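*Asks:* Generate a structure from the sequence data that follows.
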Amino acid sequence: QVQLVESGGGLVQAGASLRLSCAASGRTVSRLAMGWFRQAPGKEREFVSTIGWSAGNTFYADSVRGRFTISRDNAENTVYLQMNSLKPEDTAVYYCSASSKTTYYTTRTNLYDYWGQGTQVTVSS
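*Replies:* Here you go, the predicted model:
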């Protein structure tokens, strides 16, 4: 079992930056694909970014590419999401996830079997 705990969310103005952290416990996640998803009020959960066991394998949603950066510290069993140039439309609850089904990155929600409780990000205009 893997437990995931997100932190780093908050209320910021448009253009600001935030860094989300996802601390894993229960087992090492160094060989697991990790992902960030978000869910805005009244909308379905959507993919944001993913990283494979090799930190060089990353993928981003078009809406965040060039502004967000995903990274991982396998020694710390932690995944990060650096969010720059935040926009009001980035407002959502952000969820960290882990997939035991693949070591490569994946955007497929159904391949993620561990999820955190989420952290709120609110961007004001």
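
*Asks:* going forward, measure contacts between C-alpha atoms and count neighbours the same way
*Replies:* Will do.

*Asks:* To what extent is the closest residue to residue 86 other than its chain neighbours buried, counted in neighbours?
*Replies:* For residue 86, ignoring the flanking residues on the chain, the nearest one in space by Cα to Cα, 6 or more residues apart in numbering is residue 15 at 4.9 Å. For residue 15, the neighbour count with other Cα atoms under 10 Å is 14.

*Asks:* what does stretch 9-25 contact?
*Replies:* Under the contact criterion Cα atoms under 8 Å, 6 or more residues apart in numbering, stretch 9-25 has outside partners 2-8, 76-88, 96, 119-125.

*Asks:* What residues sit buried inside that stretch?
*Replies:* Residues of stretch 9-25 classed as buried by neighbour count (16 or more other Cα atoms under 10 Å): 9, 12, 14, 17, 18, 19, 20, 21, 22, 23, 24.

*Asks:* What about these, which are in strands?
*Replies:* Of the buried residues of stretch 9-25, the ones assigned to strands by DSSP state E are 12, 18, 19, 20, 21, 22, 23, 24.

*Asks:* Next one: the second one, what pLDDT does it get?
*Replies:* At residue 18, the pLDDT value in this model is 98.

*Asks:* how about the residue lying closest to residue 83 once chain neighbours are set aside, what does it touch?
*Replies:* Leaving out its chain neighbours, the residue that sits closest to residue 83 by Cα to Cα, 6+ apart is residue 68, at 4.5 Å. Shown in contact with residue 68 (Cα under 8 Å, 6+ apart): 81, 82, 83, 84.

*Asks:* Many thanks, I have nothing further to ask.
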